[in-house]
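Asks: Fold the following, please.
(2 chains)
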Amino acid sequence: NAGVMQNPRHLVRRRGQEARLRCSPMKGHSHVYWYRQLPEEGLKFMVYLQKENIIDESGMPKERFSAEFPKEGPSILRIQQVVRGDSAAYFCASSQQGSKNTGELFFGEGSRLTVL
Amino acid sequence: KNQVEQSPQSLIILEGKNCTLQCNYTVSPFSNLRWYKQDTGRGPVSLTIMTFSENTKSNGRYTATLDADTKQSSLHITASQLSDSASYICVVSAKGTDKLIFGTGTRLQVFP
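Replies: Reported below is the predicted structural model:
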């Protein structure tokens, strides 16, 4: 049973380009969360999705960032017109029942975005 | 404001020694508290999850305690090993929400 798979593990973009980060949750998991971690800082919630629905996007910047979790395929975090401040590690986590109550969250290894 | 504070920020111990990491939170209403271990360059891995009614929970050499009255938790590591070198993150969930609030972590280094 493969864990949460994220790709690419490392991504380098120039300012103004687009970054697409993909996350395949664990088998049987329909809840996906995206977090951002800046160097020496804690993980910050970005967005929570269930299949085809955005449940909570209160942590997402209002512009340039979007996320989806289609019926088929991985969840995608898309950052348009990247800026240097977008450089960070982006972690995806999945769960079977949501993190409400004691739903276990399983994290991927992260995608490290560097904006030149 | 819901916050999770961890101390110390960093800690260095010798292999074989014990250590205790602290977590204070202001999240309300409280649902559960989790401790994660994050190796450098890797994703967090769950160590324990505790609800309001649980005071202590162990996972091998890791023992977490929870005092919901004082809103404090600790993670005790017994007989530390070199592989324990990592960041330990305290995470608290508020009741009725799927959002987790992460502390900034304690960076533990175990030296031989």
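
Asks: what's the host helix or strand of B:Glu5 packed up against?
Replies: Using DSSP states H and E, B:Glu5 sits in strand B:4-7. On a contact count with 3 or more Cβ pairs under 8 Å, 6 or more residues apart in numbering or on different chains; DSSP states H and E, strand B:4-7 meets strand B:19-25, strand B:86-94. For every residue, glycine as well, the C-beta is placed using N, CA and C.

Asks: could you check the angle strand B:86-94 makes with the shortest one?
Replies: On the basis of axes from the mean of the first three to the mean of the last three Cα atoms, to 10 degrees, strand B:19-25 is oriented at 30 degrees to strand B:86-94.

Asks: Listing partners with orientation, what would you give for strand B:19-25?
Replies: Note on strand B:19-25: by DSSP bridges, its sheet partners are strand B:4-7 (antiparallel), strand B:72-77 (antiparallel).

Asks: chain center to the very next helix or strand once past it: distance?
Replies: Downstream of strand B:19-25, the next assigned helix or strand under DSSP H and E is strand B:30-38. The chain centroid and the centroid of strand B:30-38 are separated by 6 Å under Cα atoms, centre = their mean, to the nearest Å.

Asks: Tell me the helix or strand right after the one helix or strand A:Ala93 maps to.
Replies: Using DSSP H and E, A:Ala93 sits within strand A:88-95. Proceeding N to C from strand A:88-95, the next assigned helix or strand is strand A:106-107, under DSSP H and E.

Asks: ok so, going back, TSV please, covering the strands paired with strand B:19-25 and showing mean neighbour count and mean pLDDT.
Replies: Listed next are the strands paired with strand B:19-25 as TSV, based on neighbours: other Cβ atoms under 10 Å in any protein chain shown; pLDDT from 0 to 100:
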stretch	mean neighbour count	mean pLDDT
strand B:4-7	18	95
strand B:72-77	20	98
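
Asks: Including distance to A:Gln50, could these go into a markdown table?
Replies: Formatted as a markdown table, the strands paired with strand B:19-25 follow (distance: least, Cβ to Cβ, whole Å):
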| stretch | distance to A:Gln50 |
| --- | --- |
| strand B:4-7 | 25 |
| strand B:72-77 | 29 |
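
Asks: one step back: which of the helices and strands packed on strand B:4-7 sits closest to A:Cys92?
Replies: Nearest to A:Cys92, of all these, is strand B:86-94, at 15.8 Å by Cβ to Cβ.

Asks: follow-up on the earlier one: got the CA coordinates for the strand holding A:Ala93 in CSV?
Replies: Taking C-alpha atoms only, strand A:88-95 is exported to CSV below (Å, rounded to 0.1, in the frame of the first residue of the first chain):
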residue,chain,number,x,y,z
ALA,A,88,8.9,26.8,0.1
ALA,A,89,8.2,23.1,0.7
TYR,A,90,4.6,22.2,-0.1
PHE,A,91,3.3,19.1,1.7
CYS,A,92,0.2,17.1,0.9
ALA,A,93,-1.5,14.9,3.4
SER,A,94,-4.4,12.5,3.0
SER,A,95,-6.9,10.8,5.4
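
Asks: can you count the residues close to the closest residue to A:Ala19 other than its chain neighbours?
Replies: Of all residues not flanking A:Ala19 in the chain, A:Ile79 sits nearest, at 4.4 Å (Cβ to Cβ, 6 or more residues apart in numbering or on different chains). By other Cβ atoms under 10 Å in any protein chain shown, the residues close to A:Ile79 number 22.
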